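Chemist: Predicted model and sequence follow; I will ask about them next.
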Amino acid sequence: MHMNVAPYLLTEDRAEYERVLDDALSTAHARPDLAGAGTRLTVAQLRSMALNATALITSAASSEYDHFVKVREQSRIAVATRVPAPQDGSGAGIVAIVTVMVPVLAGAAAFIFVLVGAVLHAMAPTVAFGATLLTAGLVFGAVAAAGLLCAAAGLLRTALRNSPTATVSAYAPTTEPDDELSRAREAWRRALLERGVLPFLRDALAAITPPSTPPGAPTIGPQSGPQAVPQSGPTDPPGP
């Protein structure tokens, strides 16, 4: 059963605190000062005691934790402010429509003109109108080809702009905040372990260690024994 979250620990960092505690308990056998873990107190007992003393343990690393929380909040604010400003999409929309429609319309016109011109030229080779339609069809075919090239160039430009490298440069221009956040988290974890968790576990194990000599027990020295007990009866008078 866990106690409420400690004053020095936010709810989102509770799991990190438990990971530090579990790491310390899992390596207790390699620490001479925690040699009693598993014999004097079980690992489950030590873990339960440490969870119930979360406020006491985390207060030992309060300065590092405050710095970690501050850096994390600054990093979140920086990420939130990196969203690009909205741009007016009307111009881009018109360009996209023209880029798509020109090859389609020009290609359709070229097909119709070439087809009609070919039919007229076949039926009446001497009629100049058929040759004119064929020429117009070739012109519209060239326009359709140019439109296709422009559309391909636009798609290539869009792909390059949305590439992972461009996304990283736009939304994460520097890795310094992340590095600072990692350093702050590691400093808090180290301080929590060295100044909070390990001292608490050592004190918990030492508190149940039986003392070698019970308090108040008489100490038998070299002069103790029947010979050292003074005589309480009358003494003989001194000789003349």
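Modeler: Thanks, I have it.
Chemist: Which strands and helices lie in contact with the one helix or strand Phe111 maps to?
Modeler: Phe111 is part of helix 90-123 when elements are defined by DSSP states H and E. When contacts are defined as 3 or more CB pairs under 8 Å, 6 or more residues apart in numbering; DSSP states H and E, helix 90-123 sits against helix 128-161. Backbone N, C-alpha and C define where each C-beta goes, glycine included.
Chemist: can you give me the offset of the helix it packs on from its chain's centre?
Modeler: 50 Å (CA atoms, centre = their mean, to the nearest Å).
Chemist: what element comes up after the lowest-mean-pLDDT helix or strand in the chain heading to the C-terminus?
Modeler: The least trusted helix or strand in the chain, going by mean pLDDT, DSSP states H and E, turns out to be helix 164-171, with a mean of 48. Moving toward the C-terminus from helix 164-171, the next helix or strand (DSSP H and E) is helix 176-191.
Chemist: Please list the outside residues in contact with that following helix.
Modeler: Residues external to helix 176-191 that are found in contact with it (CB atoms under 8 Å, 6 or more residues apart in numbering): 16, 20, 60-61, 63-65, 67-68, 71-72, 74-75, 78, 172.
Chemist: Same question for stretch 8-22.
Modeler: 5, 47, 50-51, 54-55, 57-59, 62, 65, 69, 185, 189, 192-193, 197.
Chemist: which parts of that stretch are buried?
Modeler: Neighbour-count burial for stretch 8-22, counted by 16 or more other CB atoms under 10 Å, picks out Tyr8, Leu9, Asp13, Arg14, Glu16, Tyr17, Val20, Leu21.
Chemist: Counting only helices, which of those residues make the cut?
Modeler: Counting by DSSP state H, the part of those found in helices is Arg14, Glu16, Tyr17, Val20, Leu21.
Chemist: what's the closest of the residues you listed to Ala159?
Modeler: Glu16 (39.9 Å; CB to CB).
Chemist: Next, find the distance separating the closest one from Ala108.
Modeler: 64 Å (CB to CB, to the nearest Å).
Chemist: how's this protein carved up into domains?
Modeler: 11-81+192-207, 91-171 (automatic domain parsing).
Chemist: Pick out the shakiest of those, pLDDT-wise.
Modeler: Set side by side, the domains of the chain differ in mean pLDDT, and domain 91-171 is lowest with a mean of 75.
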